[in-house]
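Asker: Dropping the sequence and predicted coords here.
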Amino acid sequence: MPWAKWSNCLKQAAQVPIRDDPTANEATFDLIRKDKLREVKEGHDGKWAAHPSMHRSLHQHNGPRGVRTMEGLCLNTRVGIQYLAAWLTGEGSIPLYNLMKDAATIDISRIQNWQCLKYGVELDGDALGVRVNHKLFGRVVDEEMARIELEEGKEKFKKGMYKEACKIFTRQCIALTLDDFLTLDAYNHIVV
C-alpha cells in the first residue's frame, strides 16, 4: 500500500532553528523531541535531524501504518514544485514551511504521488472515498501552483522556474514507470 511503506524507513527531522524567534525555536526543538520519541516507539532506527544543532540518534521498536490524505497529496505536490524550482536555479537544499527540504525528501514526495496515481489509491484520511487519478492530480497541481504564486508573489513567481519545475514534477508523478531519481530528468534543464 502506498505511503504505508514509508512508515518504517529512515526519517529525518526536517525542522530548522528559528533564530529570530526564541519561543518558536523552543517549540521547534520540542516538536523534534516528541517526533523522535514517537519514531522510537514506532520502530524507526537511525533517526537524524536536518540541522546539525538538532541532531538526535534513537533506537528501534515496531510501529503502525499511516493514512493517505488530500492534505498530504497537496503538500507533496507543492513542496515538490517549490524545491525543484529552487534546484533548477542551483539551490541544493532550502527551508520550506520551517522544514529543510533537499532532493531526497522531495523524491519521497514524488514517489508517494506516483504510487497513489499508479494504484488509484483511496484517500483514507481527510478525504474519505476519494480515489487518486489523473484528473484529481491535475486539479491539485493547478491549485498548488496558484498557492505557490500567491505565497511567492507574482514577480518572484514569474522570474522563478516554477512553471518548468511543475512540468518536470508532474511528468515524473504521472509517468507509467517510475524514474530512479527526480533530478536525473531535471539535469536536462540545467546542463548546457
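Answerer: On my side now, so go ahead. Numbers count the residues shown, from 1 in each chain.

Asker: so Ser109 is in which element?
Answerer: Assigned by DSSP states H and E, Ser109 belongs to helix 103-119.

Asker: For the lengthiest helix in the chain, give the mean pLDDT please.
Answerer: Under DSSP state H, the helix in the chain containing the largest number of residues is helix 22-42. What helix 22-42 shows for mean pLDDT is 77.

Asker: tell me what that helix is packed against?
Answerer: strand 12-13 (3 or more C-beta pairs under 8 Å, 6 or more residues apart in numbering; DSSP states H and E). For the C-beta atoms, the positions are set from N, CA and C on the backbone; glycine is no exception.

Asker: For the helix holding Ser109, which outside residues touch it?
Answerer: Residues outside helix 103-119 that contact it (C-beta atoms under 8 Å, 6 or more residues apart in numbering) are 1-3, 5-6, 12, 14, 68, 72-73, 75-77, 79-80, 83-84, 87, 92, 121, 132-134, 137, 169, 172-175, 178, 181-183.

Asker: Just the ones in helices from these, please.
Answerer: 72-73, 75-77, 79-80, 83-84, 87, 134, 137, 169, 172-174, 182-183.

Asker: Please pull out the lowest mean pLDDT helix or strand from the protein.
Answerer: Lowest mean confidence among the helices and strands of the chain (mean pLDDT, DSSP states H and E): strand 48-49, at a mean of 56.

Asker: just checking, next helix/strand downstream of the helix holding Ser109?
Answerer: Following helix 103-119 in sequence, per DSSP H and E, is strand 122-123.

Asker: follow-up on the earlier one: can I get the longest helix of the chain in PDB? Just the C-alpha atoms.
Answerer: This file holds the C-alpha atoms of helix 22-42, laid out as PDB (Å, rounded to 0.1, in the frame of the first residue of the first chain):
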ATOM      1  CA  PRO A  22      13.200  32.100  20.600                       C
ATOM      2  CA  THR A  23       9.700  30.900  21.500                       C
ATOM      3  CA  ALA A  24       9.100  29.400  18.100                       C
ATOM      4  CA  ASN A  25      12.700  27.900  18.200                       C
ATOM      5  CA  GLU A  26      12.000  26.200  21.500                       C
ATOM      6  CA  ALA A  27       8.600  24.900  20.100                       C
ATOM      7  CA  THR A  28      10.600  23.500  17.100                       C
ATOM      8  CA  PHE A  29      13.000  21.700  19.400                       C
ATOM      9  CA  ASP A  30      10.100  20.400  21.400                       C
ATOM     10  CA  LEU A  31       8.400  19.100  18.200                       C
ATOM     11  CA  ILE A  32      11.600  17.300  17.300                       C
ATOM     12  CA  ARG A  33      11.900  15.700  20.700                       C
ATOM     13  CA  LYS A  34       8.300  14.500  20.600                       C
ATOM     14  CA  ASP A  35       8.700  13.300  17.000                       C
ATOM     15  CA  LYS A  36      11.900  11.300  17.700                       C
ATOM     16  CA  LEU A  37      10.200   9.700  20.800                       C
ATOM     17  CA  ARG A  38       7.200   8.800  18.600                       C
ATOM     18  CA  GLU A  39       9.600   7.300  16.000                       C
ATOM     19  CA  VAL A  40      11.400   5.200  18.500                       C
ATOM     20  CA  LYS A  41       8.100   3.800  19.700                       C
ATOM     21  CA  GLU A  42       7.000   3.100  16.100                       C
END
